[in-house]
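K.L.:
below are the sequence and a predicted model for it; my questions follow.
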Amino acid sequence: MKPISAAKEVGRVLAGRGAKGLERLRRLRLPRYRFLAYLGILGPGLIAASAGNDAGGIATYSSAGAGYGYSFLWMLFLSTFSLGVIQEMCARMGAATGKGLSELIRENFGIRWTAFVMLCVLFANGTTVISEFIGIAAALELFKIPRYVSIPIVTFSVWWLVVKGSYSRVEKIFLLMTFVFLGYIVSAFLAKPDWGQVARGTLIPTFHLDGSYIALFLATVGTTITPYMQISVQSLVVERGITMRDYAMERADVYFGVITSNLVAFFIVICTAATLYTHQIKVDTAEQAAAALEPFAGVYAKALFAIGLFGASMLAASVLPLATAYSISEAFGFEKGISRSFKEAPIFMGIFTGLLVLGGLTAMIPGLPLIQVLIIVQVVNGLLLPVLLVSILRLVNDEELMGEHRNGIVFNGIAWATTVVVIALSILLVITAFHPLA
């Protein structure tokens, strides 16, 4: 039997379908069926970009708006271009090579760099898994379900859904739950913000040299351009059999997903700035974050927020441990597959199960400051992001690998500028930790 790459196996879990149906539709010449084939392509970019609006993303954006008003809007505006470019590069690599990111890194950079990148991926994804279970705990506690009851059940349910191949049946339900966050857009208008200040916050960059501001700034970058999103979009493109022949539609999907995701983030900041910052209310709990939806949902704000938070967290918590296990196993040639036993694939099953257990146990720690931990996780993502970005940029500019599909000057400029800015922020964060600048 021909071996299946990690990208394809992860993509099958993420997408819940293979590429054969898409190929059959593509071969039909009738316009209606060709249109259905193009609809089948849509999704990888939207799903991957929506992953950024998970528990950590909501906590970070809410804290930014509640703590600093509209002053983060300019960064979110610019990061939309960065995210679009980076997501598109990964999708293009998947379409041009038919391979996942970890496979390309191993084949082109050797074992030492592969080991370093995979260690960073494991650490970044591991902390993100923890944040997803914290989000699940916070969401269900809003329904008065204690975490000591909910987390063990959820942890086992996630393991069972993925291992038994049932995840694709509920993925769309989790994705639909995240649409609740569109309510932030309506809520932002109903909160009647000062649109002049919104415009100034969007168009006029501001920056503060204090440690807490820099940490939150880096966390916002880390949750907007999270490493997990780059790996997942490439895996999805590979699994769905998308080639450069179909790539025009996939590029549109990537950009649509990025704009939609960042638009929600943009309005979360506006909404929390208008409802919380003006009253000097900091976001320390999920209940306080939910309060920003009150102009839209009134007494139902808490329930709606809980539904959205649960769906977003379950969506990532179900797939992220699996994607991590596949990526690392493929990078080092370990046996892999959810159909394998612990004896047949000890590294793969150990990573997958271990990440779930780690996330569940951490979420049950008594007195854990949920919002603060979620933001710290996003800071970690931001610190480790340049490692993955450098790898992506080296691969996408490899003429032998990408040929005519390698990067142009504009994309390289935006991507390298993003990498340099994140590195500079990381250095500033370390400096301010030992010697405050303001």
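P.N.:
Yep, it's here. Residues are numbered from 1 along each chain as shown.
K.L.:
tell me what whichever strand or helix holds Phe156 is packed against?
P.N.:
In this assignment (DSSP states H and E), Phe156 forms part of helix 147-163. In terms of contacts (3 or more Cβ pairs under 8 Å, 6 or more residues apart in numbering; DSSP states H and E), helix 147-163 is packed against helix 101-141, helix 301-332, helix 346-363. Just so you know, the C-beta spots here come from the backbone N, C-alpha and C atoms, and that holds for glycine as well.
K.L.:
now do that helix against helix 301-332, angle only.
P.N.:
Relative orientation of helix 147-163 and helix 301-332, computed by axes from the mean of the first three to the mean of the last three Cα atoms, to 10 degrees: 50 degrees.
K.L.:
what lies in contact with helix 147-163?
P.N.:
The set of residues external to helix 147-163 that reach it, using Cβ atoms under 8 Å, 6 or more residues apart in numbering, is 13, 133, 136-137, 140-141, 166-167, 170, 314, 317-319, 321-322, 338, 352-353, 356-357, 359-360, 363-364.
K.L.:
circling back to that earlier point, most packed of the helices and strands packed on helix 147-163?
P.N.:
For the helices and strands packed on helix 147-163, the largest average neighbour count (mean count of other Cβ atoms under 10 Å) is found in helix 301-332, namely a mean of 24.
K.L.:
what mean pLDDT does it have?
P.N.:
Computed over helix 301-332, the mean pLDDT rounds to 85.
K.L.:
please begin residue numbering at 17 from this point
P.N.:
Fine by me, first position is 17 from now on; the one you just mentioned is helix 317-348.
K.L.:
distance between it and the chain's centre?
P.N.:
Between the centre of helix 317-348 and the centre of its chain there are 9 Å (Cα atoms, centre = their mean, to the nearest Å).
K.L.:
mean confidence score for the strand or helix carrying Cys106?
P.N.:
Assessed by DSSP H and E, Cys106 sits inside helix 89-113. For helix 89-113, the per-residue pLDDT values average out at 93.
K.L.:
for stretch 214-234, same thing?
P.N.:
Computed over stretch 214-234, the mean pLDDT rounds to 91.
K.L.:
name the residues that touch it?
P.N.:
Contacting residues not belonging to stretch 214-234 are listed as 76, 79-80, 83-91, 93, 286, 391, 394-395, 398-399, 438, 441-442, 444-445, 448-449, 452-454 [Cβ under 8 Å, 6+ apart].
K.L.:
CA atoms only: put that stretch into PDB for me.
P.N.:
Listed next in PDB are the C-alpha coordinates belonging to stretch 214-234 (Å, rounded to 0.1, in the frame of the first residue of the first chain):
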ATOM      1  CA  VAL A 214     -11.400  54.200  15.900                       C
ATOM      2  CA  ALA A 215     -10.100  55.900  12.700                       C
ATOM      3  CA  ARG A 216      -7.100  57.400  14.500                       C
ATOM      4  CA  GLY A 217      -6.300  54.000  16.100                       C
ATOM      5  CA  THR A 218      -6.400  52.300  12.800                       C
ATOM      6  CA  LEU A 219      -4.400  54.800  10.700                       C
ATOM      7  CA  ILE A 220      -1.900  56.300  13.200                       C
ATOM      8  CA  PRO A 221       0.600  53.900  14.800                       C
ATOM      9  CA  THR A 222       1.300  54.200  18.500                       C
ATOM     10  CA  PHE A 223       3.600  52.100  20.600                       C
ATOM     11  CA  HIS A 224       4.700  52.100  24.300                       C
ATOM     12  CA  LEU A 225       8.000  50.800  25.700                       C
ATOM     13  CA  ASP A 226       6.600  49.200  28.800                       C
ATOM     14  CA  GLY A 227       6.900  45.400  29.300                       C
ATOM     15  CA  SER A 228       3.100  44.700  29.700                       C
ATOM     16  CA  TYR A 229       2.300  46.600  26.500                       C
ATOM     17  CA  ILE A 230       5.100  44.800  24.500                       C
ATOM     18  CA  ALA A 231       4.000  41.400  25.800                       C
ATOM     19  CA  LEU A 232       0.400  42.000  24.800                       C
ATOM     20  CA  PHE A 233       1.500  43.400  21.400                       C
ATOM     21  CA  LEU A 234       3.600  40.200  20.800                       C
END
